[in-house]
Structures are given as C-alpha cells and as structure tokens.
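sequence? don't have it. structure:
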C-alpha cells in the first residue's frame, strides 16, 4: 500500500497525559497537512509543512500541540497535557506540491479518546 | 473567509436512481472546489476537483460535479446510485497558504444512504 499511513489507529489516554501520533506521507510528497475531525463535523485544518518547514499553523493549534517533520518525510503530532476536548480523529494528508491546486491524499486517521 | 455549505445532513436514494449531493460556496477570488468521500473508520478519499474550465467535472467511481458560478454551487452527481456509494460526503474549498500549500475548508458533510 503506497498511501498515507498513520500510527496508531486508535489511542485511549487519561486526561493530563501526553500523546504522540505519527504520519508517513506518500513517497515524494513534499507537502504534509494535519487536520482534526470531531463527530458530525468536517475536518479542520491544524498545520502544514513544506518539506521540513512548518509554514502555517491554525489558531486551533494551542500551545499544547506541537508538530514536526524533521527530515521532510514522516511527521509527528504531539499533544501535551491532554484534555477531554482533544478527543477527535486526527487526520494527516500529503500532496505532491507540483500542481497549481494540489490534491491532498488522506490517511486513515488516528482516533484519540481522552478519558 | 472561504466557506462551503452542505444544506442536507442526509440524502436517501434508491439504487439505480440518480443522486445529487448539494454544496454551495462562498469565496473571495477564484473558487477551487473539491469533493471527498469518507467510509466508516476510514480517512477521506478524493473524488474530484474544480479548478477552471469545463463546468462539468468527472471524477472517480462514476461521480461528477457541476460547477455553477451564478448560483455559487458545486453539486455532486451520479447517474445511477449503488448501495456501495453509501458513505459520508464532504465538499471543500481551498485557501492558498504560504509556500503554495492548500488549506481545505470542509462543509459539515452529507450522509448518503442508497437503499435496494
């Protein structure tokens, strides 16, 4: 399978714990995106990388959230001191970065439940 | 700010009948519009996009979408629905980001149910 992969698929944690998610984009895709999706809503943009540079962050991304893409390949999203409101599906997407209007390809998501 | 609206939470259609899932948009500048489909516990799958040109865009799995500038709409259509088309459908509009990236702003989704 050469699509976007995410790990883990499910994460259950207690409030106050830290969690880290990983995203492996499609090979050669230089743009990578993180979105968050809550029940009954469409995905909401969190942040965007072009290669290893984080170029945009949403106001939704509080100080407890940090994302990295150290070598321009895989990316991690860390949430510190989780809160119940962080419970959501976290989606990663990648795009090639060569079209004027790129197509984003999404991974299966990581479902986070904060107890 | 760019936005899309999906006025129907759910659409029911009989297998073999044509289907339409509605989307209207609000943008400043040129509209770049997308449709994605989401199956349970899966990520979003790209169906099609409108950038410019022909108002009828053809996409994956027999879907197409009609861009209408005067009505600011981008409705998803399929001539003959299949039970396997039952899923959650999202319309999205693109915002240009620093470095050329694309932020997608999604609608709230429309649940399509195709019955025998």
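Arrived safely. Model, not experiment: these values are computed from the prediction.

how about the residues of chain B near chain A?
With C-beta under 8 Å from any C-beta of the partner chain as the criterion, chain B meets chain A at residues B:32, B:34, B:36, B:41-46, B:49, B:51, B:90, B:92, B:94, B:97-109. Every C-beta, even on glycine, is put in place using the N, C-alpha and C of the backbone.

Among the residues you listed, which are located in helices?
Secondary structure from DSSP state H places none of the residues of chain B next to chain A in helices.

Now the buried members of those residues.
B:32, B:34, B:36, B:43-46, B:49, B:90, B:92, B:94, B:97, B:100-107, B:109 (16 or more other C-beta atoms under 10 Å in any protein chain shown).

Kindly tell me how buried residue A:90 is, as a neighbour count.
Residues near residue A:90, counting by other C-beta atoms under 10 Å in any protein chain shown, number 23.

Isn't it up against residue A:36?
Yes - look at residue A:90 against residue A:36 with C-beta atoms under 8 Å: they come within range, at 5.7 Å.

tell me, what's touching these two both at once?
Counting by C-beta atoms under 8 Å, 6 or more residues apart in numbering or on different chains, no residue touches both residue A:90 and residue A:36.

what's residue B:116 in contact with, if anything?
B:14-15, B:83.

My error: substitute residue A:106 in the last question.
Per C-beta under 8 Å, 6+ apart, neighbours of residue A:106: A:4, A:35, A:91-93, B:36, B:43-46.
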